[in-house]
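Colleague: One predicted model, sequence on top.
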Amino acid sequence: MTTTRHVAVLIGSLRKGSFNKKLAEALIKLSPEGLRYESIEIGHLPLYNQDLDSEGDAPAGWTTFREKVKGFDAVLFVTPEYNRSVPGVLKNALDVGSRPYGKSVWNAKPAAVVSSTPGAMGGFGANHHLRQSLVFLNMPTLQQPEAYIGHAANLVSDDGTIANEGTREFLRGFMKAFAAWIEVTIKL
């Protein structure tokens with residue numbers, strides 16, 4: 001009997017027409033069986049302020065987010081690059097989930113990072129900055145293959161599939177590697 005793994009999807013872009021949101025949806029379609037995905041909204045989270053946790057007055061949005069993330073087996077991050085780094089909304093979600101100290105909802109959850117941009121570099125800076133945070137958060141992160149997706153503006157067709165066959169097959173392989181990574185990591 002195969003165990004279904006529950007994977008949270010965090011998208012670093014809030015834009016209605018987000019390339020990264022479309023890419024995340026396409027990635028889910030390319031994923032092997034045995035994984036169930038759910039996109040987690042992060043745009044509503046108040047900015048992290050430790051005083052609110054220390055005073056026992058954490059915003060309800062933080063509490064709901066933390067409880068929701070706890071229930072997942074793994075996390076897929078799909079993010080654009082803002083100013084050669086991670087979008088503030090995604091960093092805030094990491095901070096909210098990592099607190100209060102010693103109660104991080106991220107601890108030991110397998111992760112994978114896909115970055116994409118309309119330009120040619122594919123979000124290299126964001127991808128690596130995010131990985132730095134994930135190391136500190138003790139999230140074992142898929143090392144290979146790396147996924148930096150450039151020219152994302154026309155990547156996903158109207159029917160939700162990856163328009164370029166080579167890119168589609170690369171991402172199918174990425175998702176297969178992520179599924180295997182989840183299993184290996186959970187068994188550690």
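Modeller: Structure's in. What do you need? Computed from a predicted model, the values in this text were never measured in an experiment.

Colleague: Residue 114 bridge partners, please.
Modeller: With DSSP bridges as the criterion, the beta-bridge partners of residue 114 are residue 78, residue 147.

Colleague: ok, the residue sitting furthest away from the middle of the chain to residue 45 distance?
Modeller: For the chain, the residue at maximal distance from the C-alpha centroid (C-alpha atoms, centre = their mean) is residue 55, at 29.8 Å. When C-beta to C-beta, to the nearest Å is the yardstick, residue 55 and residue 45 sit 18 Å from each other. To be clear about C-beta, it is placed using only N, CA and C from the backbone, and glycine gets the same treatment.

Colleague: Then residue 112?
Modeller: Looking at residue 112 against residue 45, where the rule is C-beta to C-beta, the gap reads 22 Å.

Colleague: higher neighbour count, those two?
Modeller: When residue 112 is set against residue 45 and neighbours are counted by other C-beta atoms under 10 Å, the residue ahead is residue 112, at 26 against 18.

Colleague: Let me know the average pLDDT across the one helix or strand that one maps to.
Modeller: Following DSSP states H and E, the helix or strand that holds residue 112 is strand 111-116. Average pLDDT, strand 111-116: 96.
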